[in-house]
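Q: here is the input, now give the coordinates:
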Amino acid sequence: MNPQELKSILSSGLLSFPITDFNAQGDFHREGYIKRLEWLAPYGASALFAAGGTGEFFSLDMKTSRQIIQMAAEFPRQGIKAYAGASRMDIDECVELANYADECGLDGVMIISPWYFRLTDEGIYTFYSQIARRTAAKIFIYNFPERTGYSVSPEVCLRLAREFPNIVGLKDTIPDTNHTSQVIRQVKSELPYFEVFAGYDNNFAHNVLSGGDGCIGGLSNICPELFRDWMQAFNDNDLQQISRYQQKVDGLMDIYAINDPFIPTFKKALQLRGIIQSDRCTPPFSSLATCQTESILRILSRAGIEINA
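A: Numbering: from 1, shown residues only. Okay, the predicted model is just below:
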């Protein structure tokens, strides 16, 4: 990979997962969602993923999911790609959302395989292959073993990508960067168009330097200006600044440990920054304790992130 190729990937390899806004009554807040997309767009993300994991897809009904998909399609993106989460336990519903996203003109969908029971490799193949046969939408496999209880192997990724041209990539949310590197070596070496993204923000640089395509992360939803400046440091070949921002992102990863799940933490962080008014999440998620809010403030302040609470 020459320096110009590296710069090209780094400048287009940051994809953001917006949260989903709800009002105090728990209803989807359309105006708030649009305002935040408008806030995120200028900071350099090459794509937005609506109704993903950070967007609480798992507790959205089909009507709300379709509303969010439609809004993402209608948002004036000015060259920014838009994708949607189409993850459901039911294959028919996955297909319905994927087809709707495709009809609306989105660039693709991301789908996590079923959770609760551990699937075999054959079960994972069956799940994705049945969806791929029934939609023209471009599909990203979403591998998140911490949530599903199993991992999508490089061999299964390669088998699916070989058979279905509309299976075009993988988001690998896994701390073990070796698994991601194996997918890059086994799949991209044969099918260069297959995109492989890290799921954890701090693995962005490692992913690209290993031959991957970037990161689809959550922290860029909270502090997009930091990631914009990090990308600029890469483009400027400023190793000192690259290292500085890597360390900042490493420190910001502490946010994920404040509460499990992390979504209430993300919303509280955005509220503290003055970006959203309500930190309301879908049930059964609850608001954070005062001590947890104080932890968020410390982590953001340590990274030099502006607070407007």
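
Q: OK, contacts around Leu252?
A: Leu252 makes contacts with 201, 219, 222-223, 226, 299-300, 303, 305, as judged by CB atoms under 8 Å, 6 or more residues apart in numbering. All C-beta spots, glycine's among them, are computed from the backbone N, C-alpha and C.

Q: three-state assignment of it?
A: The three-state label given to Leu252 by DSSP: H, G, I helix; E, B strand; the rest coil is helix.

Q: the contacts of Leu252 in strands, which ones?
A: Among the contacts of Leu252, no residue falls in strands (DSSP state E).

Q: JSON lines for those residues, including pLDDT and distance to Glu93?
A: Below are the contacts of Leu252 laid out as JSON lines (pLDDT from 0 to 100; distance: CB to CB, whole Å):
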{"residue": "Asp201", "pLDDT": "92", "distance to Glu93": "29"}
{"residue": "Leu219", "pLDDT": "92", "distance to Glu93": "29"}
{"residue": "Ile222", "pLDDT": "92", "distance to Glu93": "30"}
{"residue": "Cys223", "pLDDT": "92", "distance to Glu93": "34"}
{"residue": "Leu226", "pLDDT": "92", "distance to Glu93": "36"}
{"residue": "Ile299", "pLDDT": "97", "distance to Glu93": "37"}
{"residue": "Leu300", "pLDDT": "96", "distance to Glu93": "37"}
{"residue": "Ala303", "pLDDT": "94", "distance to Glu93": "39"}
{"residue": "Ile305", "pLDDT": "94", "distance to Glu93": "37"}
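
Q: select from the residues you listed the one having the most neighbours.
A: Ile222 (28 neighbours; other CB atoms under 10 Å).

Q: I figured that residue was touching Gln271, is that so?
A: No: Ile222 is beyond contact range of Gln271, at 10.6 Å (criterion: CB atoms under 8 Å).

Q: phi first, then psi, for Lys81.
A: Torsion angles at Lys81 (phi, psi; degrees, to the nearest 10) stand at phi -70, psi 160.

Q: and it, what does it touch?
A: 15, 46-48, 107.

Q: just the ones in helices from those residues, please.
A: Among the contacts of Lys81, DSSP state H puts none in helices.

Q: show me the strands in the stretch 51-200 of the chain, by range?
A: 81-85, 108-112, 139-143, 167-172, 195-198 (DSSP state E, counting those that start in this stretch).

Q: next, format those strands as JSON lines and append mean pLDDT and distance to Ser151.
A: Listed next are the strands of the stretch 51-200 of the chain as JSON lines, based on pLDDT from 0 to 100; distance: least, CB to CB, whole Å:
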{"stretch": "strand 81-85", "mean pLDDT": "93", "distance to Ser151": "19"}
{"stretch": "strand 108-112", "mean pLDDT": "96", "distance to Ser151": "12"}
{"stretch": "strand 139-143", "mean pLDDT": "97", "distance to Ser151": "6"}
{"stretch": "strand 167-172", "mean pLDDT": "97", "distance to Ser151": "9"}
{"stretch": "strand 195-198", "mean pLDDT": "95", "distance to Ser151": "14"}
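
Q: who wins for proximity to Tyr33 among these?
A: Closest approach to Tyr33 among these is made by strand 81-85 (12.9 Å; CB to CB).

Q: and the closest one, how far out from the chain's middle?
A: Computed by CA atoms, centre = their mean, to the nearest Å, the chain-centroid distance of strand 81-85 equals 10 Å.

Q: packing partners of the host helix or strand of Gln232?
A: Using DSSP states H and E, Gln232 falls within helix 224-235. Helices and strands touching helix 224-235, by 3 or more CB pairs under 8 Å, 6 or more residues apart in numbering; DSSP states H and E, are helix 3-12, strand 14-16, helix 239-252.
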